[in-house]
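Asks: Sequence and computational prediction follow.
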Amino acid sequence: MSQPLIAPSLLAADFANLQRDLNLINRSEADYLHFDVMDGEFVPNISFGFPLLEAARTHCQKPLDVHLMIVQPDRYIDAFADGGAAIIHVHYEACTHLHRTLTHIRERGCQAGVALNPHTPVEGLIDVLESIDVVLIMSVNPGFGGQAFIPHTLPKITRLKQMLVANQSAALIEVDGGVGVGNAAALLQAGADILVAGNSVFRAADPIEAVQQLKNSHRPTMA
Ligand SMILES: O=C(CO)[C@H](O)[C@H](O)COP(=O)(O)O
């Protein structure tokens, strides 16, 4: 089990103290800043968009991991690529022409991610594996931070890992929702590479230490 990549989710930050919270992430061992875009249609919530992306790009030194929880995401891929996204995730459930969408993301110089809702089987990705850089397994129903991890997503990660290995895919597995030190080791054991953590980082007494603990969660616990 290698050290995971950690992506604190901006959704859980204190927006009244945004620069402070982004500075904490800059000083931490985080690998990405996870940026959740919700449109009130694909998910029953509205989060934030381009003005905050500009603020994140200006004040955050970590690569931006953009998760589009929106219908017809093709309309905004160029804008998020121009806005500095390193990874752009679209939802499998929101894409009619997924191969075309993923190809477009790569053409724009970003890594192509596909997010799967908890009910969506990983097997649906089999024919687009070559176009995917990251699979984002939603371990809560998307739309809100602070929800409880849905247990059946753990064997789903194992199944995805087996499918990637069997097909010689180098795609990474990212897990999002209800992730913290309590389940990080199990997620990594199942095959996760990137852990998204909102409340468990930004609402921790020491967010920098919380990121460090997630980073170290691959190590066996000493008795
Ligand atoms: O995509 C999301 C919600 O749709 C968030 O990234 C996710 O919920 C992270 O928050 P937390 O770690 O607090 O569960």
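Replies: Perfect, thanks for sending it. Residues are numbered from 1 along each chain as shown.
Asks: how about the residues of this protein near the ligand?
Replies: Residues of the chain found near the ligand (C-beta under 6 Å from any ligand atom) are 9, 11-12, 34, 36, 67, 140, 142-147, 176-179, 196-200. All C-beta atoms are positioned from the backbone trio N, CA, C, and that covers glycine.
Asks: just the strands in the chain please.
Replies: 5-8, 33-38, 64-69, 85-91, 111-116, 134-138, 172-176, 194-197 (DSSP state E).
Asks: all helices of this protein, in order?
Replies: Taking DSSP state H, the helices of the chain run over residues 18-27, 50-59, 77-82, 98-107, 153-166, 181-190, 199-202, 207-215.
Asks: Which one of the residues in this structure is closest to the ligand?
Replies: Using C-beta to the nearest ligand atom, the closest approach of the chain to the ligand is made by residue 198 at 2.8 Å.
Asks: in stretch 157-166, what counts as buried?
Replies: Going by neighbour count (16 or more other C-beta atoms under 10 Å), the buried part of stretch 157-166 is 157, 160, 161, 163, 164.
Asks: And the helices of the chain: which comes nearest residue 125?
Replies: helix 153-166 (7.6 Å; C-beta to C-beta).
Asks: Check what contacts that closest one and list those residues.
Replies: By C-beta atoms under 8 Å, 6 or more residues apart in numbering, the residues outside helix 153-166 that reach it are 118, 121-123, 125-126, 129, 135, 137-139, 169-171, 173, 175, 183, 186-187, 190-192.
Asks: Please pick the buried ones from those.
Replies: For the contacts of helix 153-166, buried by 16+ other C-beta under 10 Å: 122, 125, 129, 135, 137-139, 169, 171, 173, 175, 183, 187, 190-192.
Asks: can you tell me which two in these are farthest apart?
Replies: 129 and 183 (26.2 Å).
Asks: related to what we said a few turns ago, buried ones only from the residues of the chain next to the ligand, please, as a ChimeraX command.
Replies: Selection of buried members from the residues of the chain next to the ligand for ChimeraX, criterion 16+ other C-beta under 10 Å:
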select :9,11,12,34,36,67,140,142,143,144,145,176,177,178,179,196,197,198,199,200
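Asks: Report pLDDT for residue 110.
Replies: Here the pLDDT value assigned to residue 110 is 98.
Asks: Next, the contact list for the residue nearest to it when sequence neighbours are not counted, please.
Replies: Spatial nearest neighbour of residue 110, chain neighbours left out: residue 88 (4.9 Å); criterion: C-beta to C-beta, 6 or more residues apart in numbering. Residues near residue 88 by C-beta under 8 Å, 6+ apart: 66, 68, 77, 80, 81, 105, 108, 110, 111, 112, 113.
Asks: can you redo these as a markdown table with distance to residue 206 and neighbour count?
Replies: Shown next, in a markdown table, are the contacts of residue 88 (distance: C-beta to C-beta, whole Å; neighbours: other C-beta atoms under 10 Å):
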| residue | distance to residue 206 | neighbour count |
| --- | --- | --- |
| 66 | 27 | 27 |
| 68 | 31 | 26 |
| 77 | 36 | 22 |
| 80 | 31 | 23 |
| 81 | 34 | 18 |
| 105 | 35 | 28 |
| 108 | 37 | 15 |
| 110 | 32 | 22 |
| 111 | 30 | 19 |
| 112 | 34 | 24 |
| 113 | 29 | 26 |
